[in-house]
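> after the sequence you'll find the predicted model.
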Amino acid sequence: MNEIDYKLRSQNPTLISHISEFKLLSTKCNSDDSIVSTSACQALFVLGETGLWDVKSALATFMACLSSSKNYQMITVAISRLLILDWKSHNRCNEYTLDVPTQHPFIAILIKEKFSWRAVLNQMKFIIVMGQSVQLLRPVFVHILCNPTMDMCESCKRETWQLLMKSSNTTDLRTEILLWLCTNRADTCIDANCRVLELADMMLLKRDTEFCTALIPLIASLTIQLLEYGHEPTQNFCMILDLFECCYNYIGNITLVLMAEIILICPAAYLFNVLQICAVIVNKMPCHVTILNTLAASLLKWLAYPSLLCADALVTAKELLIKTMSQKEMDNSNGIISNKMLLIFSYSNRYIEFYMELIRSLYSLKNNTLSWLENLSLAPIDLRYMCKLVLCGIFLHSDEPLVVQKVCHILVQIAREINSFASHVLSLLLHKLTKAHDSSTLKYLLLTVPEFAMTKENLPIVIHTLDTLLNSGKPLKYFAIQLYIKALEKEPRCYRFISTALMDTMEKDRNWHSDVTCAQAIKCICEGWPEHGEELVPLLSQILNRCVDLNGGAASALALDSISVLCKSTVIGVYSTWQVLAPKMRKEKRTVVLESLCELFGNIPSYSFRASDDYNRFITDVVTILWNYTICDDIRVAKAAFKALKTYQVDRIPLTALPLDFQSDVMIKQASEKASSEGNKPEVLQYIPGTCWIQMLKNVNRSVLSAAGDLLISYIKDELNGFRSQIYTWPQGEPQNYKYLPERSVIRAIGEHLRRSDKLDPNNQTVLVECLRIFAHKHKKPLPNIKWDFLEKTMHISKEAQEYSLSIASHHCQISLSAKLITESFLSMYTSISEAGRLLLDEKHLVLYSNLQELCQAIQPNNLKKFIETSLHYAIDQILLNNEKSVYVFDHIMSSYVTALKNNSIQMGNRTLLTTMLEEISQKVDLTSKHFEKYFAAVMELLTKDVERMTSPYTWWVVTPEKLKTAIAVRVQSAFRGDTGTPFTWLNDLINATEFNLEMQKYLLESIQKVQAELRSEKSCDLEIQKDWILDFMRHIDALMVETEHKKNNITFYCDILFVLVICLSGIECLLPQKELLVTSQDIRIRLFPQAISMLIDRQIWKSITRQVSQGTNVVNYNIVNSNGVKIGSRTSYICNVNQYPANNNATQSETASKPKHRPMSENVEELSTCEEELGFDDMFILKTHVGHGWRDVARRLSYSDGQIDQFEENYRHKGIDEVIYQLLLDWKQANTRDAQLGTLVSILWSCQEYDCVERLVAARKNPS
């Protein structure tokens, strides 16, 4: 006995375990005989109770018995008693959590044997009855009630919940469990609903008014989800009516809008119950007038399509509709709900949280509704859809035309994306049409009706509405045809209706308005649905035959446009069509018809032809007609003819097709040749000599000279495309003229005319200026080389000629020495800022900037510098003097910088010059003014190293507000648009620089908000970059938590940036009455952030980072609690909307607090980290046992994606996390074979701060036994 007593009192687990009597008791705990096992358990408990056996060791022993024992009840009793002893010995501090290794023993029992729940529940009752704190049982309550992966029976959950509700001092735990109840599956939603209803019953008995008030919206939101899952919600409706007897009336708005949601999805069988609740709210509670109209909007569809299934309900619905829509006065409250419990519920309920924010905004709008709608129209579609009911309320209530039209536009946007909502909007639209009186609003609404032909159920209603218009008076009849065309764009089945309407109108109405309407409709059909074109050809023929007067010109022109479209789609042939049209069209004099005919002719080269068509003769006939049109007196027709001729290659145009006036030089030459040929017939030219084009410019109407010039520009383009690079190489120097080009060359004709003609003759100057304009046009290739000295003379013709001449010289200075010398002489004129102003504007030297790209390639920096400096400083000085004209100059200069900097072939010295200029002005001027917006586009084209140097506060001698603002604007653009490889570092510098400058911090937030809003509206936005940003910020904030106090100063601002980033990405800031509030109010950022992060995670593209975000939000919330004393509810509030099973808060806190800082490797560890042995199975067994919460980080370092990690966890989690880790290591070993070295894995484990695991591995290898 003395030996037993000695061993028991030694407190040495090894000695105690060797006592034979003790071994016997431990063995008997697993006996099949319940009396024996019960007695053994009781004996062991007494040893612990009397202090002869350590309580922790006793608990561990009993937990070990779970795997083989059948008497769970007695083991549960013993563990219960030991837990009480342990609780008391640790100063009533709970050290147990939901997960291993500190998992609560009761949870382990339930996981091992779920049917043991009654024994566990009895002991939970015992612990509470014994007066112990319910905190000891917190993990067990959470596990039973909130874990969606555990298949606990309903009786267990109900009794556990009843125990919690009846126990004292459990309000916080009860609230926490309500937050964590999952509703993302039908079974968990039903379960959560039962718990809430049970709690509501108890609160009603207690007459807890505040809690009952908070439960009403919670039950209403659960009802929405129950209906979506197809579950019967009658109990919820009855409970809400009961709770109305014990609630405050400020709950009206939030409850009514939730009931409107229910009405949209509610089966007819429950509609009466819903409307009873709505009637109580409308009659007894104050509500915002928009919310009342929201209810009316949800009722309209039921009333529009009445059913016998809900006849009684529709009577109530009609009464409610009349009452709500007659309400005109606004509720005078501010919409803010001070119910603390409801605010807590909102943290985990997306319906409550969203509508509370929306209602708060409605009360703040006042006269800013239109601007608020403008912002909302730019929000993501999911956010707009969430606002659908409130938008419907605004639509019904508002009489302001602009507001109604904007809301209608947003609702149509939503219906396009979510077709199921279209029928609801159509009902509202038709109702609004009966109430609206403003003509612009009526027209807008009618034009919107065809949009809803997109769904099968809406099509009959849309067609009926359009038929009603069609059968009305003539103006509405023609308008109806336009609407039919819009309906056809949405639904091809509408064609038969529009076809009938067109034929009926053409037959009965014989006036120009009818013809134009039908012709326009036919043109639209031919363009969009050419397969129906053949059926419409008789109607086109009818229009052309009867619309012969001046009033019929528009209809005939539209008919020709339709014929052109049908020819292009090969429904009819253009050759045969022209044979029919030619007799009539050759006599045509109406301008608008001839313009359409020219357009038809211009499209002919792109049409298909049959082999039997006489193509060459046809083309000759057409171009001859077009050339004749070019010299007609009608300027519009002449311009249209020149435009059409641009589509024909000059080689296909015979000389005879040109008007005789254009051939005068050729005719003179031929006459001379005829006289000298002694009776021989002169040879007919097979091409058009270049001199004809000069005659064309001289003889055409001056009003169409530019159109003729554009034709020659197109010919020059084709000519340049045929040149090879050798034509630009002249080793002997530039040629004096263009005679080396063929006689047919347009370039030769223009160039020689410029070179040889008299520049002082006023009669020549107009044509010379046009020739200069033709040469000044920027082609992809430069013009062939020539000595450009003649440009010095052409510059003196006029200011316009000087501009064109300077453009030609600067454009060709890279390949021509003479052009370069001319350009440099002009650049040398820029000696001062005042001189720069005169030259840029008066002398039109701004054209030099149009060719800055070429200048930077050809001109040396020393020759370019003065021009660049003086002109830029002039523009900036004038802007600072409020000279609006100089804003255009500055924008033009910056646009040229962008073009030049994008070109990698410019001289490095000139790139440096442009960079220096941009850097200089950033140090002197506040470039964040709206006048300097183009500056940032130029900076974005600089090399990354240059931008980094320019905008890094660490490289400045003095940090001025102007420089800092510019740096912020540039770096935010670069960082968020993915233009830099180290985005977080770029922003981090600015955060440090603005640490003590609140004004600059505000500007930084404004810049982020602006850029994110722009990115959100861009379809090409790279969301992967934004996801990386979020994770980077969370990791950085996490790292700051363990830094020195000095480095913690910026944590608040990092959180502010994270909040603005997430809120802007989600688009939820569009709900704010003023966008500026997001930057100016930290409270608003804190309030919106949880919902914003939840909305992002709900989007498909963000689901891959759900776990990282969920883990990261714990850190963020911890940070908020410790910043400025702000606390926004429980730690779980940020991630409960994710609807995942939560990790224990205490565990998370202890993990964060105890996470070790990085420490150097010991000698033994360092030696193992260099080991090249292949990973062995013994090593894997040790690792799987001791790797901690960082196992996911280890997996990522082993190159596994988050998706692969999730799959491993899903496949093996039922066997425990250790099995997941083992399978992952096994997969890595098999995939890498000999490369799966132990040293590599040890290094990764150490970098992931799994120090204990590595040290145990070292010890195990050192002592293999």
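That came through, no problem. Numbering: from 1, shown residues only.
> apart from its neighbours in sequence, what residue is nearest Lys934?
Of all residues not flanking Lys934 in the chain, Met894 sits nearest, at 3.7 Å (CB to CB, 6 or more residues apart in numbering). Every C-beta, even on glycine, is put in place using the N, C-alpha and C of the backbone.
> assign a three-state SS to the one you found, would you?
Assigned with DSSP: H, G, I helix; E, B strand; the rest coil, Met894 falls in the helix class.
> contacting residues around it?
For Met894, the contacting residues are Lys934, Tyr935, Ala937, Ala938, by CB atoms under 8 Å, 6 or more residues apart in numbering.
> against Glu941, how distant is it?
10 Å (CB to CB, to the nearest Å).
> in the strand or helix carrying Thr916, which residues are buried?
Assigned by DSSP states H and E, Thr916 falls within helix 908-922. Buried positions in helix 908-922, judged by neighbour count with 16 or more other CB atoms under 10 Å: Asn910, Arg911, Leu913, Leu914, Thr915, Thr916, Met917, Leu918, Glu919, Ile921, Ser922.
> what about the very next helix or strand once past that helix, average pLDDT?
Of the helices and strands lying after helix 908-922 in sequence (DSSP H and E), the nearest is helix 933-939. Mean per-residue pLDDT for helix 933-939: 86.
> what does helix 933-939 rub up against?
890-891, 894-895, 897-898, 901, 914, 918, 921-922, 927, 947, 950, 969-970, 973.
> quick check: closest non-adjacent residue to the residue nearest the centre of the chain.
By CA atoms, centre = their mean, the chain has its centre lying nearest to Arg1016, at 3.6 Å. Among residues not flanking Arg1016 along the chain, Gly1067 sits closest, at 6.2 Å (CB to CB, 6+ apart).
> how about Ile572?
Closest to Ile572 by CB to CB, 6+ apart is Leu566, at 4.9 Å.
> figure out the helix or strand that that neighbour lives in.
helix 553-568.
> what ranges does the stretch 1001-1150 of the chain have for its strands?
In the stretch 1001-1150 of the chain, no strands are defined using DSSP state E, counting those that start in this stretch.
> show me where it has its helices.
Under the criterion DSSP state H, counting those that start in this stretch, the stretch 1001-1150 of the chain contains helices at 1023-1040, 1045-1048, 1051-1066, 1077-1080, 1082-1098, 1106-1121, 1145-1154.
> return the residues in contact with the residue lying closest to Ser377 once chain neighbours are set aside.
Spatial nearest neighbour of Ser377, excluding adjacent residues (CB to CB, 6+ apart): Ile410 at 5.1 Å. By CB under 8 Å, 6+ apart, the residues touching Ile410 are Leu373, Leu376, Ser377, Arg384, Leu391.
> which one of those is nearest to Phe272?
Using CB to CB, Leu391 comes nearest to Phe272 of those, at 26.9 Å.
> ok, how many other residues are close to that closest one?
25 (other CB atoms under 10 Å).
> still on that earlier bit, relative to Leu864, how far out is the residue nearest to Lys934?
Taking CB to CB, one finds Met894 at 17 Å from Leu864.
> what's the answer for Asp382, then?
From Asp382 to Leu864 the distance is 52 Å (CB to CB).
> when the two are compared, which one has more neighbours?
Leu864 (24 against 14).
> give me the contacts around the strand or helix carrying the more buried one.
Per DSSP H and E: Leu864 is located in helix 861-880. Outside helix 861-880, the residues that touch it by CB under 8 Å, 6+ apart are 824, 827-828, 830-837, 840, 848-849, 855-856, 885-887, 889-890, 893, 907, 909-910, 912-914, 917, 921, 925, 931-932.
> where does the prediction get shaky in the stretch 301-450 of the chain?
The stretch 301-450 of the chain contains residues with pLDDT under 70 at 328-335.
> and with 80 instead?
305-311, 327-337, 366-367 (pLDDT under 80).
> hey, where'd the helices end up in it?
Using DSSP H, counting those that start in this stretch, helices in the stretch 301-450 of the chain cover 311-326, 340-346, 350-365, 369-377, 381-386, 388-397, 401-417, 422-435, 439-448.
> got a list of contacts for the third one?
Taking CB under 8 Å, 6+ apart as the criterion, the residues outside helix 350-365 that touch it are 217-218, 220-221, 224, 253-254, 257-258, 261, 288, 290-291, 331, 333-337, 342, 345-347, 372, 386-387, 390, 1068, 1071-1073, 1087-1088, 1090-1091, 1094, 1137.
> among the residues you listed, name the buried ones.
For the contacts of helix 350-365, buried by 16+ other CB under 10 Å: 217-218, 220-221, 224, 253-254, 257-258, 261, 288, 290-291, 331, 335, 337, 342, 345-347, 372, 386-387, 390, 1068, 1071-1073, 1087-1088, 1090-1091, 1094, 1137.
> among the contacts of helix 861-880, the buried ones, what's the ChimeraX command?
Buried members of these, defined by 16+ other CB under 10 Å, are picked up in ChimeraX with:
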select :824,827,830,833,836,837,840,848,849,855,856,886,887,889,890,893,907,910,913,914,917,921,925,931,932
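> my guess is Thr188 meets Asn147, correct?
No - using CB atoms under 8 Å, Thr188 is not in contact with Asn147; the gap is 9.8 Å.
> who touches both of the two?
Counting by CB under 8 Å, 6+ apart, nothing touches both Thr188 and Asn147.
> past the worst-scoring helix or strand of the chain on mean pLDDT, which element shows up next along the chain?
Least confident helix or strand, the chain: helix 1145-1154 with a mean of 37, by mean pLDDT, DSSP states H and E. Moving toward the C-terminus from helix 1145-1154, the next helix or strand (DSSP H and E) is helix 1163-1169.
> need the contact partners of that next one.
Met1161, Leu1238, Gly1239, Val1242, Ser1243, Trp1246, Val1254, Glu1255, Leu1257, Val1258, Arg1261, Lys1262.
> mind checking how far the third one is from Leu1226?
Going from Gly1239 to Leu1226 by CB to CB gives 18 Å.
> from the contacts of helix 1163-1169, which single one is nearest Asn701?
Among these, and counting by CB to CB, the member closest to Asn701 is Ser1243, at 83.7 Å.
> Asp201: which of the helices of the stretch 301-450 of the chain is closest?
helix 340-346 (16.5 Å).
> elements contacting that closest one?
helix 171-180, helix 209-228, helix 350-365 (3 or more CB pairs under 8 Å, 6 or more residues apart in numbering; DSSP states H and E).
> just these: most buried one?
Burial of those is given as mean neighbour count (mean count of other CB atoms under 10 Å); helix 209-228 ranks first at a mean of 23.
> report the angle between the axes of the following helix or strand past that one and helix 209-228?
Scanning forward in sequence from helix 209-228 by DSSP H and E, the next helix or strand is helix 234-243. Going by axes from the mean of the first three to the mean of the last three CA atoms, to 10 degrees, helix 234-243 is angled at 160 degrees with respect to helix 209-228.
> what packs against the very next helix or strand once past helix 234-243?
The element immediately downstream of helix 234-243 (helix or strand, assigned by DSSP H and E) is helix 252-265. Helices and strands touching helix 252-265, as assessed by 3+ CB pairs under 8 Å, 6+ apart, comprise helix 209-228, helix 271-284, helix 289-304, helix 350-365, helix 388-397.
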